[in-house]
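In: Provided below for reference: sequence and predicted model.
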Amino acid sequence: MRTSSRGFTLIELMITVAVVALLAAIALPNYREHLRKSRRAEAQSFMMAVAARQQQFMVDTRAFAATVDAAGIPVPSNVSVAYTVAMPAPGTNTFTLTLTPNVDQSSEKCGTLSIDQNGTKTAAMTGCW
């Protein structure tokens with residue numbers, strides 16, 4: 001009597017692996033782009049919070065805070081991993097907060113993000129804010 005064996009053939013397994021590889025090749029870049037966009041959104045939210053806090057600091061002390069820490073807003077860990085935060089010592093009536101992408105955000109097309117005391121937002125490309 002002839003017994004039939006159950007299981008998959010090598011060809012069927014190879015086709016399945018090829019399909020999974022194709023799906024992964026399509027999904028992975030989209031996933032990375034989604035992560036970059038979410039990090040940028042978190043950074044922009046942080047920048048807006050710092051700008052609002054700076055305005056309150058100005059009302060309270062008649063000068064802007066010299067650093068982000070002095071403004072009383074700690075840099076979130078997810079922002080500090082993706083961006084370098086800098087706020088050069090401001091004048092009494094000015095400040096500019098700048099976030100420069102780190103290695104994790106190296107393919108960030110928006111580049112360096114900044115906001116100043118007037119709420120002017122800048123980036124390397126239009127449409128990033």
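Out: Noted; the coordinates are in hand.
In: Every contact and neighbour count from this point should use C-alpha atoms.
Out: Noted.
In: Sort out which residues of the helix or strand of the chain with the lowest mean pLDDT are buried, please.
Out: Evaluated with mean pLDDT, DSSP states H and E, the helix-and-strand set of the chain has its lowest mean pLDDT in helix 68-71, which scores a mean of 86. For helix 68-71, the neighbour count (16 or more other CA atoms under 10 Å) marks 68, 71 as buried.
In: which helices and strands sit right next to that helix?
Out: In this structure, helix 68-71 makes packing contacts with helix 10-61, judged by 3 or more CA pairs under 8 Å, 6 or more residues apart in numbering; DSSP states H and E.
In: C-terminal to the least confident helix or strand of the chain, what's the next element?
Out: helix 77-82 (DSSP states H and E).
In: ok, and what's touching that following helix?
Out: 39, 42-43, 46, 101-105 (CA atoms under 8 Å, 6 or more residues apart in numbering).
In: what's the spacing between that helix and its chain's center?
Out: 8 Å (CA atoms, centre = their mean, to the nearest Å).
In: Name the helix or strand for Lys109, please.
Out: Per DSSP H and E, there is no helix or strand for Lys109.
In: There's contact between it and Ala124 in this structure, I believe.
Out: Yes - assessed by CA atoms under 8 Å, Lys109 is found in contact with Ala124 at 7.4 Å.
In: if I pick the residue positioned nearest the centre of the chain, what's in contact with it?
Out: Closest residue to the average C-alpha location of the chain: Arg39 at 2.2 Å, with CA atoms, centre = their mean. Listed by CA under 8 Å, 6+ apart, the contact set of Arg39 reads 78-79, 82.
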